[in-house]
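# only geometry, no sequence info:
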């Protein structure tokens, strides 16, 4: 990445330059650059700029995901750029003839559309620009023909497979101009016209809509039909496409289909780039969540909310997803008790999948909407941390006593029962004869058994297990709610807030026990999600 | 296909359309080409995604609504009630679902605004709690969170906690809608384990505690006593 980030002169012709990227960039770098710009041009305050950034980002993201940005050969770019240059001159009112001896096809089309259209139709060899001009002219001159605009674009793609200008036009047309009801026909026509790897990238938005709005069977049948026409398909494009649509399909398709496709994708994951691999991991997480964790939703309103958020994030377009995620996280951020009840600690299940899913969703939506924590008021935050520390310290003392008593009971109790009681019993019961030697023998033997066998093998693990249970219980009943309050009141990132707590405890020489408390924090799913949600409160 | 629904345009319009469409580079401005096509022929997007201008307008509106909400929050208690309610009702949350929770909350609080003076005059009401509640209920969460915490910190002894709990019981039974607005905060106060008064604080096991003996302890004590008795008896013999 270079330093020329956000140079508006680069748009729209050079989105790479705008994001400060080089050819062959990493999608993470694109996301990072996008996030930086979005923080600067927030959608609420700079809507126009945000929209332009978003548009450039979406285009590059799709190109990069399919590895298609390399296909934008310089010659093809130049060809389209010459069209633009000619038109710019024309619009500015400069006589184009001064610089060029012949008039461009677009100039001719503006001057005499009917004649130009007729001539273009007669031509045996047509350039991508010719097809673009024909598509535009057809809207007026062939009004009775259905699919006229798309038909010429597809014809152009059939002749100039992979042409970037025509490809982008078809992508945009698929996204916003093809009604879902006729999507299967359009997709089939596209597969016939463009039976190459580019098919997946071009049609991706329409497939997503088809999956969202129609029965899964329609999607499956259409896909099968289209794939029967595809030739020379790059397996990577197919993988990337399936990873994309799986995000929606996972909620609509029969389990058998999902399992089969997912296992195939996982076995071929080595062929995709790191970002697509991350997308696949996300899908695997959601799949696991659906199979196991979703059963725990029961009557919990909080869990139901989070489930709705995950589902809407996966199946909705980005705007709908952003709206739902923001709304749900706002609700979650206000309901600490609901979160604690929904995710118990002591008898709680493993929630790592749900936490990871929520973190990925929150990060993604935050990077797209610019949702972030407010600036930190150091004085306020320090005061909150000190108050939290004081409350935690107090309850920790009584927990310490409980653990000390537990150790006494286990170690000393067993020692007394094993080493001291039997000899005393012998004395008590027999109280005669040669009991002294027997007592000594018993004492020595029992002590050896105690120190070399019983204590290390049984008592120490048992005590540790019990101690852990006490600490977990204490976390759930005493410290947890205090930490929730702390996170809600300090108004900073959870990581920074806990680091502050630790730093203050260190200053007071109490980092040992604070470290113990914080060790539970990291495995508390409710607190992790709740903390992240604070950035979304309105 | 949407092409079939296109409106007829006159030649002048058509020429402008051609000039506009050909001025774009489809490689990077395909969206603009198709936006212009839709605009010219009176078509709408089928995916429900707004046109660039609409998205921009929506964002601007969302920002303006946020500012407006902030104004309403600041003047919640001084603004005439009918004006306040009208302003809140006029906010279209369907268009801005991300603001729905805060608008819903303010609408509820506004509908109950008349209940607050009654609540203040309830016998035994903790006025510090009432004042904190009055502020918290309308403020944005970050500020409200700070006030909540300040209030909790101010509960320095058990007697205060008791007073607060009593007041919460009243709110819960007689003003359930108000209770619902700050359920989370009230639950925290109800479950609060407040520090013992100064001087009573636990000292980390340093205080005297009668140990729990348990069944085996009692058996041990009986055996020891029995042994001692026997030893004494045998010594006597």
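Now that the structure is in, tell me what you want to look at. The shown structure was predicted, so the numbers you read here are calculated from the model rather than taken from an experiment. Numbers count the residues shown, from 1 in each chain, chains lettered A, B, ... in the order given.
# buried stuff in the host helix or strand of residue B:222?
Using DSSP states H and E, residue B:222 maps to helix B:214-236. The neighbour-count criterion (16 or more other C-beta atoms under 10 Å in any protein chain shown) identifies B:220, B:223, B:226-227, B:230 as the buried residues of helix B:214-236. From N, CA and C alone the C-beta is placed, and that goes for glycine too.
# I'd like to know which of these is nearest to chain A.
Of all the buried residues of helix B:214-236, chain A sits closest to residue B:227, with 4.2 Å by C-beta to the nearest C-beta.
# what's the one helix or strand residue A:531 maps to in contact with?
For residue A:531, the host element (DSSP H and E) is helix A:525-533. Outside helix A:525-533, the residues that touch it by C-beta atoms under 8 Å, 6 or more residues apart in numbering or on different chains are A:306, A:329-330, A:332-333, A:336, A:339-340, A:342-343, A:348, A:351-352, A:354-355, A:358-359, A:362, A:480, A:483-484, A:487-488, A:493-494, A:497, A:521-522.
# Tell me the confidence at the spatially most central residue of chain B?
For chain B, the residue sitting closest to the mean C-alpha position, by C-alpha atoms, centre = their mean, is residue B:141 at 6.1 Å. Looking at residue B:141, its pLDDT reads 76.
# Any idea how many residues pack against the closest residue to it other than its chain neighbours?
Closest residue in space to residue B:141, ignoring its immediate chain neighbours: residue A:537 at 4.1 Å, by C-beta to C-beta, 6 or more residues apart in numbering or on different chains. Residue A:537 is flanked by 24 other residues according to other C-beta atoms under 10 Å in any protein chain shown.
# Quick check: buried residues in the helix or strand where residue A:405 lies?
Secondary structure assigned from DSSP H and E places residue A:405 in helix A:378-407. Across helix A:378-407, burial judged by 16+ other C-beta under 10 Å covers A:380-381, A:383-389, A:391-399, A:401-403, A:406.
# Also stretch A:172-180?
Buried residues in stretch A:172-180 (16+ other C-beta under 10 Å): A:172-178, A:180.
# In helices only, show me the residues you listed.
A:172-176 (DSSP state H).
# could you dump the residues you listed to TSV with distance to residue A:67?
Output for those, formatted as TSV (distance: C-beta to C-beta, whole Å):
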residue	distance to residue A:67
A:172	20
A:173	23
A:174	20
A:175	20
A:176	25
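# Low-confidence bits of the stretch 1-150 of chain A, can you list those?
Low-confidence regions of the stretch 1-150 of chain A, defined here as pLDDT under 70, cover residues A:1-4, A:44, A:68-102.
# which residues in it form strands?
For the stretch 1-150 of chain A, strands defined by DSSP state E, counting those that start in this stretch do not occur.
# and chain A, which of the buried residues of helix B:214-236 contact it?
The residues of these that also fall near chain A, by C-beta under 8 Å from any C-beta of the partner chain, are B:220, B:223, B:226-227, B:230.
# Buried residues in the strand or helix carrying residue B:162, which are they?
Using DSSP H and E, residue B:162 maps to helix B:158-174. For helix B:158-174, the neighbour count (16+ other C-beta under 10 Å) marks B:161, B:163-165, B:167-168, B:170-171 as buried.
# So for it, mean pLDDT?
Here the average pLDDT along helix B:158-174 is 90.
# How about residues contacting it?
Taking C-beta under 8 Å, 6+ apart as the rule, helix B:158-174 contacts B:119, B:122, B:124-126, B:129-130, B:133, B:154-155, B:178-179, B:186, B:189-190, B:192, B:194, B:196-197.
# Filter those down to just the ones in strands.
For these, not one is inside strands, with DSSP state E as the criterion.
# Narrow those residues to those in helices?
Per DSSP H, the contacts of helix B:158-174 map to helices at B:119, B:129-130, B:133, B:178-179, B:186, B:189-190.
# The residue nearest to the centre of chain B and residue A:489 touch, don't they?
No. Between residue B:141 and residue A:489 no contact is recorded; they are 9.7 Å apart, counting by C-beta atoms under 8 Å.
# between the two, what contacts are shared?
Counting by C-beta under 8 Å, 6+ apart, residue B:141 and residue A:489 have no contacts in common.
# ends of stretch B:45-61, how far apart?
21 Å (C-alpha to C-alpha, to the nearest Å).
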